[in-house]
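[1] starting from these lines, generate the structure:
(2 chains)
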Number of protein chains: 2
Amino acid sequence: MQTVTVDLGTRSYPIYIGAELLDKPDLVSPFLQDGRSLVITNETLAPLYLEKVRQLAGPCDALVLPDGERYKTLETVSRIYEKLLADKYDRSSTLIALGGGVIGDITGFAAATFLRGVDFIQIPTTLLAQVDSSVGGKTGVNHPLGKNMIGAFHQPRCVLADTAVLQSLPERELKAGLAEVIKYALINRAGFLDWLEQHRTQILDRDPGLLAEAVNVSCREKAEIVGRDEREGGIRAWLNLGHTFGHAIETAAGYGVWLHGEAVATGMVMAADLSRRLGWLTAKDALRIKKILADYGLPVEPPADIEEQQYLDIMLSDKKARAGRIHFILLRDIGKAELTSEVEPALLRQTLQAGSRLCES
Amino acid sequence: MQTVTVDLGTRSYPIYIGAELLDKPDLVSPFLQDGRSLVITNETLAPLYLEKVRQLAGPCDALVLPDGERYKTLETVSRIYEKLLADKYDRSSTLIALGGGVIGDITGFAAATFLRGVDFIQIPTTLLAQVDSSVGGKTGVNHPLGKNMIGAFHQPRCVLADTAVLQSLPERELKAGLAEVIKYALINRAGFLDWLEQHRTQILDRDPGLLAEAVNVSCREKAEIVGRDEREGGIRAWLNLGHTFGHAIETAAGYGVWLHGEAVATGMVMAADLSRRLGWLTAKDALRIKKILADYGLPVEPPADIEEQQYLDIMLSDKKARAGRIHFILLRDIGKAELTSEVEPALLRQTLQAGSRLCES
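    Numbers count the residues shown, from 1 in each chain, chains lettered A, B, ... in the order given. Next comes the predicted model:
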């Protein structure tokens, strides 16, 4: 087992990473104090892991929600509030999120806002959630007018990233998680990209040791960035590499058609393409980025039916846009992300129109 | 004009107190940066002050909500989200709350959760909001199962407490606000109680200088407590004097039948009564508390139709209850509040049954 500490002063917390952690109650018990716990999970995961978590956390009730991004709404959070209030949970209670990013985000937001904040513990069950939403305390829900528009920063007390649960993860979700793993290499760890290229076959075959190492490096990288910039004033924005384009793809295609990681993969190819057009990235490096994502089985081409204006409209209403300017995270080099809002419209247009020719010379 | 600084590190902010501050744009402009502003107010206040605030804040849009505590809901917050998203407000935006506690709490919660947090400015228009919700960053909404059950801590950038607007405040609301002013004297400032007794007639006649001084002392007192305990781990709980009983009265009577300050007034008489029964407070001091509240035109007797069990049920589901114990703020002396959960059930029962004989020997 490895431990990554997210260093945020009084709100610091550990991420435990390793196989079969769901069988180790000692990891969680120090955080449960004397209050009651409520597990929030979904219909897919409850039959697989709910009993294990109940043994971990002691006797506790559970709320089983329907599965899917379309339930990441204020209405679902209201269902959690109703359960908590009807059953008289109080400020000493802990919410335990057992699930992927959707369950983690919803549960975290409920914990952030129930009685102005109660504790929560995350047990992420997807690779994406283990390497992304387990670090940084972003919680929230979608709104019909935009993704993650309602939310709060609320740090968990601890995170249990059990890599054994990744063995049963659907292939497509594993790959979507690997897109975020590759992202950490691109923004700040060039050497990690070599490692991901070298071990691709074994990682896709879910070698437990290599998967745990990929989660470990990813969490460590994100924790370091978040520790230096909790509220996204500066370098935390790097973590949005591929996200400005990616969110536009997700929104235009309709929530749930593309997995988040898939959209981010294509978004990173678009960011690499734009970086190359700006003269920041060599043609060779841009192509290398596209190739590793494709080799990992990820989509590297946006849907043909998204119009240029549609991209611009969505990107302008992205919450990272400010005062009418789109902010991009682009690459000065592999392992060197940079925030810019200075992009010549003509170059942006070329990227939006490139389609299957993204990153090709 | 007087300025009270709420000292919370990087989230510190000033409260400006004085007459005609709505005519002084220089106070607000430093906090508006380059982003857009949206004023949130209600149908009663918009005709009176919206144009003034627009001149203060520069050209900006407004959302005018219906007036009343029954609109302090997640549905109303959703209306604010929709407005913000439809009109493409971004992270550089500022929400301006023009109104009493309901508008302040709703707007603050919307600001806390829109895009995971945007700035907000409070312009409290009731005495209660000026001396209570202007300090401490508590925001939130009610739920059918309980008051203020959903919320967040989110500090405003600045507060403008214009005492001129208090001249047009309905008599009943003025008195309800004075209940909270008296509360500050009871919990920590015995000398202030003498002052409030001495100047009662002029204060009820709305002498501008005395009202401003009452707001100033109250904000200073609350700011000091909140500065020492932002998240209610310790002494901040003192501010809940009268609130455990008061919330029960408000809830049992139905939201909006009693004004919050009225319920707190009666709740403080009940707390004084219980303190006397515990031997903490002399009979003379308990009676003095009941008398000043009655002299200020506040109710000092709970509705006869609330059953003992109803009180207990509501108080146990209060968010200040923990692990099945009711927490009370009681008085060791006038000016000396103390938190306790050690109250003999028989004594509590006597207080709940005392009715018009509260604090009488």
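[2] how many residues are close by the closest residue to residue A:350 other than its chain neighbours?
    Once flanking residues are discounted, residue A:350 sits nearest to residue A:277: 6.0 Å by Cβ to Cβ, 6 or more residues apart in numbering or on different chains. Bear in mind the C-beta positions are built from the backbone N, C-alpha and C, glycine included. By the criterion of other Cβ atoms under 10 Å in any protein chain shown, residue A:277 has 20 neighbours.
[3] contacts only, for residue A:277.
    Listed by Cβ atoms under 8 Å, 6 or more residues apart in numbering or on different chains, the contact set of residue A:277 reads A:347, A:350, A:351.
[4] can you report phi and psi for the first one?
    Per-residue torsions, residue A:347: phi -70, psi -40 (degrees, to the nearest 10).
[5] got the contact list for it?
    Counting by Cβ under 8 Å, 6+ apart, residue A:347 touches A:274, A:277, A:278.
[6] biggest helix in chain A by residues?
    helix A:208-228 (DSSP state H).
[7] I'd say residue A:286 and residue A:276 touch.
    Yes - the criterion here is Cβ atoms under 8 Å, and residue A:286 meets it with residue A:276 at 4.1 Å.
[8] overlap in contacts of the two?
    In contact with both residue A:286 and residue A:276: residue A:359, using Cβ under 8 Å, 6+ apart.
[9] picking up where we left off before, can you put the contacts of residue A:277 in JSON lines and add pLDDT?
    Shown next, in JSON lines, are these (pLDDT from 0 to 100):
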{"residue": "A:347", "pLDDT": "96"}
{"residue": "A:350", "pLDDT": "96"}
{"residue": "A:351", "pLDDT": "97"}
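[10] let's have the contacts of residue A:347 in JSON lines, adding pLDDT and secondary structure.
    As requested, the contacts of residue A:347 are exported to JSON lines (pLDDT from 0 to 100; DSSP: H, G, I helix; E, B strand; the rest coil):
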{"residue": "A:274", "pLDDT": "97", "secondary structure": "helix"}
{"residue": "A:277", "pLDDT": "97", "secondary structure": "helix"}
{"residue": "A:278", "pLDDT": "96", "secondary structure": "coil"}
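[11] one step back: for the contacts of residue A:277, which one is nearest residue B:57?
    If you rank these by distance to residue B:57 using Cβ to Cβ, residue A:347 comes first, at 37.6 Å.
[12] tell me the buried residues in the helix or strand harbouring residue A:346?
    Assigned by DSSP states H and E, residue A:346 belongs to helix A:345-354. Residues A:348, A:351, A:352, A:354 are the ones in helix A:345-354 that count as buried (16 or more other Cβ atoms under 10 Å in any protein chain shown).
[13] could I get those residues as JSON lines with distance to chain B?
    Below are the buried residues of helix A:345-354 laid out as JSON lines (distance: Cβ to the nearest Cβ, whole Å):
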{"residue": "A:348", "distance to chain B": "19"}
{"residue": "A:351", "distance to chain B": "23"}
{"residue": "A:352", "distance to chain B": "20"}
{"residue": "A:354", "distance to chain B": "27"}
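[14] how about the helices in the stretch 201-350 of chain A?
    Taking DSSP state H, counting those that start in this stretch to define them, one finds helices in the stretch 201-350 of chain A at A:208-228, A:243-253, A:260-277, A:283-295, A:308-317, A:345-354.
[15] centre of the chain to the third one, how far?
    Distance of helix A:260-277 from its chain centroid, counting by Cα atoms, centre = their mean, to the nearest Å, is 16 Å.
[16] can you check the second one too?
    The gap between where helix A:243-253 is centred and where its chain is centred comes out at 14 Å by Cα atoms, centre = their mean.
[17] wait, does that helix make contact with chain B?
    No - using Cβ under 8 Å from any Cβ of the partner chain, helix A:243-253 never reaches chain B; the gap is at least 12.3 Å.
[18] packing partners for that helix?
    Counting contacts by 3 or more Cβ pairs under 8 Å, 6 or more residues apart in numbering or on different chains; DSSP states H and E, helix A:243-253 packs against strand A:146-153, helix A:260-277, helix A:308-317, strand A:328-333.
[19] now for those, which one comes closest to residue A:169?
    helix A:260-277 (11.7 Å).
[20] quick one on the thing from earlier: the helix holding residue A:346: how far from the chain's middle?
    That offset, for helix A:345-354, works out to 27 Å (Cα atoms, centre = their mean).
[21] repeat that for stretch A:12-25.
    Mean C-alpha position of stretch A:12-25 versus that of the full chain (Cα atoms, centre = their mean) differs by 19 Å.
[22] quote the end-to-end distance of it.
    Start-to-end span of stretch A:12-25 (Cα to Cα, to the nearest Å) is 20 Å.
[23] got the contact list for that stretch?
    For stretch A:12-25, with Cβ under 8 Å, 6+ apart as the criterion, the contacting residues are A:1-6, A:27, A:49, A:52-53, A:55-57, A:123, A:130, A:134-135, A:155-165, A:208, A:212, A:215-216, A:219, A:223.
[24] report the rounded mean pLDDT for it.
    What stretch A:12-25 shows for mean pLDDT is 94.
[25] name the residues of that stretch that come out as buried.
    Going by 16+ other Cβ under 10 Å, stretch A:12-25 has these buried residues: A:13, A:14, A:15, A:16, A:17, A:18, A:19, A:21, A:22.
[26] same deal with stretch A:77-89?
    Here stretch A:77-89 shows A:77, A:79, A:80, A:81, A:83, A:84, A:85, A:89 as buried, counting by 16+ other Cβ under 10 Å.
[27] where does the prediction get shaky in chain A?
    Applying pLDDT under 70 to chain A picks out residues A:232-233, A:255, A:319-323.
[28] break it down into its domains, please.
    Following automatic domain parsing, chain A resolves into domains at A:2-168, A:171-357.
[29] tell me the centre residue of chain A?
    residue A:132 (3.5 Å; Cα atoms, centre = their mean).
[30] what about the closest residue to that residue other than its chain neighbours, helix or strand, and which?
    Nearest residue to residue A:132, sequence neighbours excluded (Cβ to Cβ, 6+ apart): residue A:180, at 5.0 Å. Secondary structure from DSSP H and E places residue A:180 in helix A:171-188.
[31] going by neighbour count, list what's buried in stretch A:285-293.
    Buried positions in stretch A:285-293, judged by neighbour count with 16+ other Cβ under 10 Å: A:285, A:286, A:287, A:288, A:289, A:290, A:292, A:293.
[32] my guess is the fifth one contacts residue A:335. True?
    No - with contact defined as Cβ under 8 Å, residue A:289 and residue A:335 do not form a contacting pair (11.1 Å).
[33] find residues that contact each of those two.
    residue A:186.
[34] for stretch A:296-315, measure first residue to last.
    27 Å.
[35] so which bits of it are buried?
    Within stretch A:296-315, the residues scored as buried using 16+ other Cβ under 10 Å are A:296, A:297, A:298, A:299, A:300, A:302, A:306, A:311, A:312, A:314, A:315.
[36] for the fourth one, what are phi and psi?
    Note on residue A:299: its backbone torsions stand at phi -70, psi 140 [degrees, to the nearest 10].
[37] could you list the residues of chain A in contact with chain B?
    A:34-35, A:74, A:78, A:81-82, A:85-86, A:88, A:90-92, A:112-117, A:138, A:140, A:143, A:145-146, A:149-153, A:231, A:316-317, A:319-323.
[38] which stretches of the stretch 51-200 of chain A form helices?
    Going by DSSP H, counting those that start in this stretch, the stretch 51-200 of chain A shows helices at A:74-86, A:101-113, A:127-128, A:171-188, A:190-198, A:200-204.
[39] between the buried residues of stretch A:77-89, which is closest to residue B:40?
    For these, the closest approach to residue B:40 (Cβ to Cβ) belongs to residue A:77, at 21.4 Å.
[40] ok so, going back, check which residues of the helix holding residue A:180 are buried.
    A:173-188.
[41] returning to that earlier point: restricted to buried residues, select the residues of chain A next to chain B in ChimeraX.
    Burial among these is assessed by 16+ other Cβ under 10 Å; the matching ChimeraX selection reads:
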select /A:74,81,85,90,91,92,112,113,114,115,116,117,138,140,143,146,149,150,151,152,153,317,319,320,321,322
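[42] returning to what we had before: tell me which of the domains of chain A lies nearest to residue B:247.
    domain A:2-168 (13.1 Å).
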